[in-house]
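[1] Let me see the structure of the following:
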Amino acid sequence: MDGFESWQDALHAALIETNPNEVRTRIRTAEAAIFQRIQTFTPRNDSVEEQALFNALGTLRVLSTQSVLWESNYAREQTLRKRSKTGRLQFGYAGSSV
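    Residues are numbered from 1 along each chain as shown. Below is the predicted model of the structure:
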């Protein structure tokens, strides 16, 4: 696998990861692959790959920000599921629980 395929595969894996606990690991792996490719890259005028590398880093930055929200929502959802199994799910009304 050459450098171009390596960073693209890592980026793709980060973008399609659905497990909130694995997203950050995938992001770090993709960033490392991209930075490794940048270090070995020989820039040319109007290089499509060079632009793609920097676009990918921007995409990972957005994904990283979103992953924080996903992790928070996932943790909240897990807490609600545990509470609903124990019969202590609160709906916000004083003294009421289901």
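
[2] count of residues packed around the closest residue in space to P43 that isn't next to it in sequence?
    Spatially, and ignoring its direct neighbours in sequence, P43 is nearest to E50 (5.5 Å; C-beta to C-beta, 6 or more residues apart in numbering). Using the backbone N, CA and C atoms, a C-beta is placed for each residue, glycine as well. Using other C-beta atoms under 10 Å, E50 is surrounded by 16 other residues.

[3] Let me know the helix or strand that E50 is in.
    Secondary structure assignment for E50, by DSSP states H and E: helix 48-86.

[4] wait, what's in contact with the residue lying closest to F41 once chain neighbours are set aside?
    Excluding the flanking residues, the one nearest F41 by C-beta to C-beta, 6+ apart is E50, at 6.7 Å. With contact taken as C-beta atoms under 8 Å, 6 or more residues apart in numbering, E50 is in contact with 41, 43-44.

[5] Who are the contact partners of S67?
    By C-beta under 8 Å, 6+ apart, the residues touching S67 are 20, 23-24, 27.

[6] Quickly note the distance from it to E22.
    Separation of S67 from E22 (C-beta to C-beta, to the nearest Å): 10 Å.

[7] chain center to the helix or strand of the chain with the lowest mean pLDDT: distance?
    Each helix and strand of the chain was given a mean pLDDT (mean pLDDT, DSSP states H and E); the minimum falls on helix 48-86 at a mean of 84. Its chain's average C-alpha position is 5 Å from that of helix 48-86, according to C-alpha atoms, centre = their mean, to the nearest Å.

[8] All set now, cheers.
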